[in-house]
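Participant: model this:
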Amino acid sequence: MIPYGRQDINQDDIDAVIEVLKSDWLTQGPKVQDFELKVAQHCNVEHAIACNSATSALHIACLALEIGPDDIVWTSPVSFVASSNCALYCGASIDFVDIDTQTGNMSIQALTKKLEQSKSENKLPKAIIPVHLAGQPCDMYEIAELSKKYGFKVIEDASHAIGANYKGEPVGNCKYSDICVFSFHPVKIVTSAEGGMLTTKHGQLAHRAKSFRSHGITSDPKELLQQSHGPWYYEQQSLGFNYRLTDIQAALGLSQMSRLEDFVTRRNQLAEIYSDNLPKQFCHLTRLSNRRSSYHLYIVLLPEGLDQKYVVTHLRDKGVFAHVHYIPIHLQPFYQSLGFKKGDFPNAEAYYKRAITLPLHPNLTTQDIAYISSILSELL
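Facilitator: Numbers count the residues shown, from 1 in each chain. Okay, here's the model as predicted:
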């Protein structure tokens, strides 16, 4: 079976993990800080905070921005549920902004219209979480301009997008956002097995995120609220979580980061080969100018008349693990119990009926793509 995504682990990665296993540190040791520094340097940003998942990073990003029960957060309906769950974890209300069907990303037109209406109703969001679907950055300049006008915070869900560029600069530099979040799940661009990272330019946000990552506890003498009992003393000052990354995972992620550019270059090459080989009736998501996708996923829109379920099942029967990213979040039973319903976000629903994800990972070959293309040609 040709998987839709998979990790690429080499001997350097294995050696890096073995080195940690032989060291004195397995959990929160020096490799975590090295990994954070590596990502911060890549993104050209001051602060990077490693977490045990991107879901955790999204949660503490919301907490760092003091999102709570009286607040509203908007995100894209075409994403994994973590993009919206993170707001609910904080007790906030969640809503969605419909997508541009050609890119799969949040529609600036829909966002602008929704903001205008929400201002008139005094229901503006405290934060918006744009999602860089498949690795292509959203229209972050336009979102940042709207944030200045309407006063909301911006958390980039860049789970798919480490290694991507926007206007010639790396995603994660937070030029157009308050916080950016990456994922290092095995099917992502680089992996730490499970893991995530939060980046920000703001020291106060970074400090709050670090506190929430580790139980809300500090032992820093400068931060203590009470008299220290001795060198063992620590204080819990907020309700935090155990969202820490291990040194074992950080060592793998650090090693993988040395090949980030190679991974992204290869993924872009494979995307071009797909474009050259696939029947023209299968439309890939529009590639926008002034940005470079990291191509976590290769998503195509089926031509009219081809049944999505039949195509995906047929590909899997032929040894190709095609998939669909994503079922619109508002159609999930849990979110329908919150009041969302079919028809709320028509562009997302129209996209979902036509979208399929084809295999894309560094070890995919041109022969694999030719084989996949031949199956799709037969279906026509």
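
Participant: quick one, helices of the stretch 1-150 of the chain?
Facilitator: Ranges of helices in the stretch 1-150 of the chain, per DSSP state H, counting those that start in this stretch, are 11-21, 30-43, 54-64, 82-89, 108-120, 140-150.

Participant: please work out the average pLDDT along the host helix or strand of Tyr335.
Facilitator: Per DSSP states H and E: Tyr335 is located in helix 333-336. For helix 333-336, the per-residue pLDDT values average out at 98.

Participant: so what touches it?
Facilitator: The contact list for helix 333-336 (CB atoms under 8 Å, 6 or more residues apart in numbering) reads 84, 329-330. In this view, the C-beta of every residue, glycine as well, is placed from N, C-alpha and C.

Participant: how about those residues in a markdown table, adding pLDDT, neighbour count and distance to Ile18?
Facilitator: Shown next, in a markdown table, are those (pLDDT from 0 to 100; neighbours: other CB atoms under 10 Å; distance: CB to CB, whole Å):
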| residue | pLDDT | neighbour count | distance to Ile18 |
| --- | --- | --- | --- |
| Ser84 | 98 | 26 | 39 |
| Ile329 | 98 | 24 | 40 |
| His330 | 98 | 24 | 45 |
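
Participant: ok, now which ones touch Leu111?
Facilitator: Contacts of Leu111 (CB under 8 Å, 6+ apart): 74, 97, 128, 143, 146.

Participant: wait, the fourth one sits on Tyr176?
Facilitator: Translated: Ile143. Yes: between Ile143 and Tyr176 there is a contact under CB atoms under 8 Å: 6.6 Å.

Participant: higher neighbour count, those two?
Facilitator: The residue with more neighbours, out of Ile143 and Tyr176, is Tyr176; 23 against 19, by other CB atoms under 10 Å.

Participant: the more buried one against Lys148, yeah?
Facilitator: No: at 10.4 Å, Tyr176 does not count as touching Lys148 under the criterion of CB under 8 Å.

Participant: returning to that earlier point: which of the contacts of helix 333-336 lies closest to Pro362?
Facilitator: Ile329 (29.2 Å; CB to CB).

Participant: residues contacting that closest one?
Facilitator: 75, 77-79, 81, 83-84, 96, 335 are the contacts of Ile329 under CB under 8 Å, 6+ apart.

Participant: Tyr371 now?
Facilitator: Tyr371 touches 2, 320, counting by CB under 8 Å, 6+ apart.

Participant: pLDDT at it, what is it?
Facilitator: Looking at Tyr371, its pLDDT is 98.

Participant: ok, now the one 4 residues further on?
Facilitator: Per-residue confidence (pLDDT) for Ile375: 97.

Participant: what residues are up against it?
Facilitator: Ile375 neighbours (CB under 8 Å, 6+ apart): 314-315, 318, 320.

Participant: likewise Glu349?
Facilitator: Here Glu349 is in contact with 328, 331, 342-343 (criterion: CB under 8 Å, 6+ apart).

Participant: by mean pLDDT, which helix or strand of this protein comes out lowest?
Facilitator: In the chain, no helix or strand scores lower on mean pLDDT, DSSP states H and E than strand 283-284, which sits at a mean of 92.

Participant: any residues touching the helix or strand just after that strand, and which ones?
Facilitator: Downstream of strand 283-284, the next assigned helix or strand under DSSP H and E is strand 291-292. With contact meaning CB under 8 Å, 6+ apart, strand 291-292 is reached by 136-137, 164-167, 264, 268.

Participant: now do stretch 35-46
Facilitator: Residues outside stretch 35-46 that contact it (CB under 8 Å, 6+ apart): 47-50, 162, 169-174, 180, 182, 192, 197, 199-201, 203, 206, 245, 250-251, 253-254, 257, 260.

Participant: distance from it to the middle of the chain?
Facilitator: A distance of 17 Å separates the centroid of the chain from that of stretch 35-46, by CA atoms, centre = their mean, to the nearest Å.

Participant: stretch 238-249 too?
Facilitator: Chain-centre distance of stretch 238-249: 19 Å, with CA atoms, centre = their mean.

Participant: stretch 175-189 now?
Facilitator: Here stretch 175-189 is found 5 Å from its chain centre; the criterion is CA atoms, centre = their mean.

Participant: tell me the mean pLDDT over that stretch?
Facilitator: 97.

Participant: just the CA trace of stretch 168-183, in CSV.
Facilitator: Extracted in CSV, the C-alpha atoms of stretch 168-183 (Å, rounded to 0.1, in the frame of the first residue of the first chain):
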residue,chain,number,x,y,z
GLY,A,168,9.8,35.7,1.1
GLU,A,169,9.8,35.0,4.9
PRO,A,170,9.4,31.8,6.8
VAL,A,171,6.1,30.9,8.3
GLY,A,172,6.5,31.0,12.0
ASN,A,173,8.2,34.4,12.2
CYS,A,174,4.9,35.9,13.5
LYS,A,175,5.2,39.0,11.4
TYR,A,176,1.4,38.9,10.8
SER,A,177,0.3,37.0,13.9
ASP,A,178,0.7,36.8,17.7
ILE,A,179,1.5,33.1,17.9
CYS,A,180,2.2,30.4,15.3
VAL,A,181,1.9,26.6,16.0
PHE,A,182,3.6,23.7,14.2
SER,A,183,3.0,19.9,14.3
